[in-house]
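Engineer: Build me a structure from this.
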Amino acid sequence: MRNTLIFLGILLVALIASLFYLLDHAPQENVTSGFQDYLGVGGDFELINQDGVTENTNIYNNKYKLIYFGFTFCPSICPTELQKIAGVMQDLPTDIAKQIQPMFVTLDPERDTAWSLREYLELFNADIKGYTGTVEQIEAVKDIYKIYSSKVFEEGSAEYTIDHSSYIYFLSPDMKLLNLYKIQDDEDAIMQSVQSLIKERT
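Structural biologist: The predicted structure is shown next:
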């Protein structure tokens, strides 16, 4: 009897562990397929691009978008995620890559000018469009994309960093959310997902 109970206990633990594994490793397309409908994430916005020109993203409504929200003073996470986008754009087949417009929107408009964005993004991929604007404009875009960000000041100093949510957004030509890529998603996984989603829609 005792051995039976031990066996049943082990079996139960194994089943629970399997369930958590399946939930954690479910394809992101399935996990996020209803994200747009549930939260209303996504949409066009009008900001100042890296050339200092006010631009509405509806001019790219014939293209898919890969968008990341961050700031140029970010020490590690933002450069890593932008490098992923640059790598994806470089490694995608040409016919797929030309259908995508990569974008970077600052969460630090007080320090990230159009010129500083231009210099920064040239370190990654010249095709990435950078956007800044007034604090109010950036707050409005944050609301559209459900972005969290907050200044974190160094003790006794006016210097600050920014704590923020970190996702790469993949959007359809009409700016509807197709998928979210987390920090844990590597370049190859993002590339495979992007290709699959575009092919499904063509």
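
Engineer: So residue 160 sits against residue 154, correct?
Structural biologist: Yes - under the criterion of C-beta atoms under 8 Å, residue 160 makes contact with residue 154 at 6.7 Å. No exception for glycine: its C-beta is placed from N, CA and C like everyone else's.

Engineer: Counting neighbours, go ahead and name the busier of those two.
Structural biologist: residue 160 (15 against 9; other C-beta atoms under 10 Å).

Engineer: If you drop the residues flanking it in sequence, what lies closest to the most centrally placed residue in the chain?
Structural biologist: Note on the chain: the residue nearest the mean C-alpha position is residue 168, at 1.3 Å, using C-alpha atoms, centre = their mean. Once flanking residues are discounted, residue 168 sits nearest to residue 181: 4.1 Å by C-beta to C-beta, 6 or more residues apart in numbering.

Engineer: Which residues are in contact with the one you found?
Structural biologist: For residue 181, the contact set (C-beta atoms under 8 Å, 6 or more residues apart in numbering) comprises 28, 84, 167-168, 170, 189-190, 193.

Engineer: 7 Å instead, please
Structural biologist: 167-168, 170, 190 (C-beta atoms under 7 Å, 6 or more residues apart in numbering).

Engineer: What's the local residue count around residue 195?
Structural biologist: Residue 195: 15 surrounding residues under other C-beta under 10 Å.

Engineer: ok, now residue 106?
Structural biologist: Neighbours around residue 106, by other C-beta under 10 Å: 30.

Engineer: Show me what it bridges to in the sheet.
Structural biologist: Assessed by DSSP bridges, residue 106 has beta-bridge partners residue 70.

Engineer: give the contact list for it.
Structural biologist: By C-beta under 7 Å, 6+ apart, the contact set of residue 106 is 71-72, 112, 117, 131-132, 138.

Engineer: Strands of the chain, start to end?
Structural biologist: Along the chain, counting by DSSP state E, strands occupy 46-49, 54-56, 64-70, 100-106, 129-132, 149-153, 160-164, 168-171, 177-181.
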